[in-house]
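Undergrad: Next input, structure requested:
(one chain, ligands or ions: 1)
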Amino acid sequence: MNIIKVKNDAEVGIEAAKIIINKVNTQHNITLGLATGSTPLSTYKNLIKNYQDKKVSFSDVKTFNLDEYKGLDGNHDQSYRYFMDHNFFNHIDIKKENTKVPSGIDTLHPEKYDELIAQNGGIDLQLLGIGINGHIGFNEPGASFDSLTSVVDLTPLTIEANARFFASKNDVPTQAVSMGLKTIMQAKSILLLAIGENKAEAVSHLVNGQISQEWPCTILQNHPNVTIIIDEAAASKLK
Ligand SMILES: N[C@@H]1[C@@H](O)[C@H](O)[C@@H](COP(=O)(O)O)O[C@@H]1O
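TA: Model prediction:
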């Protein structure tokens, strides 16, 4: 695991954008796996700035997002489709039809998302955040390492952590559609970002912990090409 330690959120965004831009500029028709949450916001900001400065184009890039809340359609301002459109896609030259987010409404056959990813040749670079309980995507503690895209239950801790984006805790969906851990592990390379002290415990499990379903992030220790970019606070519990 390649660990890049930087000072703060702003520097995480700069370093992550550099890696993504380098990949997009060297690999034609690249497929990116993308993430939501507050963590990748500084990365998307930097990618938009570099696009505006003509340092990168996304015109032949395809993207697959990790997850979506069950029950929210793309017009809901807390849906991950809305998040991606407003924080990234609407500001770059990507073709909207090349951006995929699992449907939170049509959830009968979530495994079709894996088929779609495979038909596109797989994900070249998967961007990830991390939950305070070590979840990646919405794969909560106990999730099977063999899971593909499916409908998953959110833990009370995750609902609590994400309530800050909703009017009230009761408005947070209790389920989501998420790429599985196996789906994520099939990506050719992985770039995980973590910012802030509340991620320090999860980061220490990710890097030094025993591989176990209790900390879903630990599965990444088995992946041959993982880079993590963390700020000082998120790195504070590393040995
Ligand atoms: N499903 C998302 C994850 O993909 C994200 O990595 C995580 C952390 O979010 P944040 O970056 O806001 O801390 O929580 C959410 O629940």
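
Undergrad: show me the contacts for the residue nearest to the spatial centre of the chain.
TA: Central residue of the chain (CA atoms, centre = their mean): A35, 2.6 Å from the mean position. For A35, the contacting residues are 65-66, 127-129, 137, by CB atoms under 8 Å, 6 or more residues apart in numbering. Placement of C-beta: from N, CA and C, glycine included.

Undergrad: now with 7 Å?
TA: Counting by CB atoms under 7 Å, 6 or more residues apart in numbering, A35 makes contact with 66, 127-129.

Undergrad: What of I30?
TA: The contact partners of I30, by CB under 7 Å, 6+ apart, come to 23-24, 61, 124.

Undergrad: Between those residues, which sits nearest the ligand?
TA: Minimum distance to the ligand across those is 18.7 Å, recorded for D124 (CB to the nearest ligand atom).

Undergrad: Distance check, the closest one against I219.
TA: Per CB to CB, to the nearest Å, D124 is found 19 Å from I219.

Undergrad: How about K182?
TA: Applying CB to CB, the value for K182 to I219 is 9 Å.

Undergrad: So the two - more neighbours on which side?
TA: Comparing K182 with I219 by other CB atoms under 10 Å, the one with more neighbours is I219, at 21 against 16.

Undergrad: what about stretch 32-41, near the ligand?
TA: Yes - Stretch 32-41 is in contact with the ligand by CB under 6 Å from any ligand atom, via 35-39.

Undergrad: just checking, which of these belong to helices?
TA: Among the residues of stretch 32-41 next to the ligand, no member is found in helices (DSSP state H).

Undergrad: Name only those of these that count as buried.
TA: The neighbour-count test (16 or more other CB atoms under 10 Å) marks 35-37, 39 as buried among the residues of stretch 32-41 next to the ligand.

Undergrad: G74: what's its closest spatial neighbour, skipping adjacent residues?
TA: Ranked by CB to CB, 6 or more residues apart in numbering and with sequence neighbours excluded, the top spatial neighbour of G74 is R81, at 3.5 Å.

Undergrad: A118: which element?
TA: Assigned by DSSP states H and E, A118 belongs to helix 112-119.

Undergrad: Angles on the backbone of F64, please.
TA: Backbone torsions for F64, taken as degrees, to the nearest 10, come to phi -130, psi 120.

Undergrad: who are the neighbours in contact with it?
TA: Contacts for F64 (CB under 7 Å, 6+ apart) come out as 31, 33, 100, 117, 123.

Undergrad: 10 Å instead, please
TA: 31-34, 98-102, 113-114, 116-117, 120, 122-123, 126, 149, 179, 183, 187 (CB atoms under 10 Å, 6 or more residues apart in numbering).

Undergrad: Around the ligand, pick out the residues from this protein.
TA: The chain comes close to the ligand at residues 35-39, 66-67, 129-131, 137-138, 158, 162, as judged by CB under 6 Å from any ligand atom.

Undergrad: Excluding residues flanking it in the chain, which one is nearest N8?
TA: Nearest one to N8, counting by CB to CB, 6+ apart, is D231 at 5.1 Å.

Undergrad: No further queries at this time; thank you.
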